[in-house]
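**Q** what would the 3D arrangement of this be:
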Amino acid sequence: MEPGQPIARTRRRRLAVLAERVAWTLGAVCLIAWGAFYLDGTLGARRELERFAVHAAGLKQPSSPDLGLWGMERISAWRETLSKPAPPPLAVMRIPKIRLEVAVLSGTDDFALNRAVGHIEDTALPGADGNSGIAGHRDGFFRGLKDIALEDVIELETLRGKETYRVEKIWVVEPEDVSVLDPTPARSLTLVTCYPFYHIGSAPQRYIVRAVRETSTSVHE
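**A** Coordinates of the predicted model:
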């Protein structure tokens, strides 16, 4: 045996042990990072609602979205928005039937619709007289609209108070049919999402839910 062989073997063993330790350390770091990312995603929806709670006294503790209904790409897009600042919500909308509680942001750009649901420009503001259009992704927050029915309740909370709406009509239209956003004599919410809900690729139609405010709601005029 050459004199230098034991030393070489010892060095190789030390390098192997060091490499193994580095591998375990990197694995632990990745696991911790993944756990933190998942936790941030689970709690992220609450942040947007809690921002609204700062201005609206008495807003009940919001719930987390049911990500089990969402598409994987939509979950990823939603989580990406959580690290970016967002404007205060215009309102908080709740649909008890489908266990939905979500902030309504201004506009329908990618950020707004990935982060929450969006108020459609040139329609009445949430909680104002007329027809307020609200858009959401069919594979995200508005996935549950597939299970909504006539007479189901939609709750809306703004800085002016809380309102209750009831679904009076559900129908499917072509994308170019924007008449669904025309002004209405009664204070209304018109929810818009793509249809069919599980269509692969760009959905060819739009699913519309129209709800009208009940007169016995608590609003601070």
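
**Q** now the longest strand along the chain: buried residues?
**A** As assigned by DSSP state E, the longest strand anywhere in the chain is strand 161-173. Neighbour counts over strand 161-173 (16 or more other C-beta atoms under 10 Å) mark 162-165, 167, 170 as buried. All C-beta spots, glycine's among them, are computed from the backbone N, C-alpha and C.

**Q** tell me the mean pLDDT for that strand?
**A** The average pLDDT within strand 161-173 is 97.

**Q** got the contact list for it?
**A** With contact meaning C-beta atoms under 8 Å, 6 or more residues apart in numbering, strand 161-173 is reached by 127, 148-157, 180, 187-189, 195, 205-214, 216-220.

**Q** can you pull out the helices in this protein?
**A** Assigned by DSSP state H, the helices in the chain fall at 5-55, 72-81, 110-115.

**Q** looking at the protein, which helix or strand does the model trust least?
**A** Lowest on mean pLDDT, DSSP states H and E among the helices and strands of the chain sits helix 5-55, with a mean of 56.

**Q** before we move on, the earlier item: tabulate the buried residues of strand 161-173 (JSON lines), appending distance to Ala103.
**A** Formatted as JSON lines, the buried residues of strand 161-173 follow (distance: C-beta to C-beta, whole Å):
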{"residue": "Lys162", "distance to Ala103": "15"}
{"residue": "Glu163", "distance to Ala103": "16"}
{"residue": "Thr164", "distance to Ala103": "18"}
{"residue": "Tyr165", "distance to Ala103": "17"}
{"residue": "Val167", "distance to Ala103": "21"}
{"residue": "Ile170", "distance to Ala103": "23"}
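
**Q** who touches Glu80 in this structure?
**A** Shown in contact with Glu80 (C-beta under 8 Å, 6+ apart): Asn114.

**Q** tell me how far Gly71 lies from Glu168.
**A** 29 Å (C-beta to C-beta, to the nearest Å).
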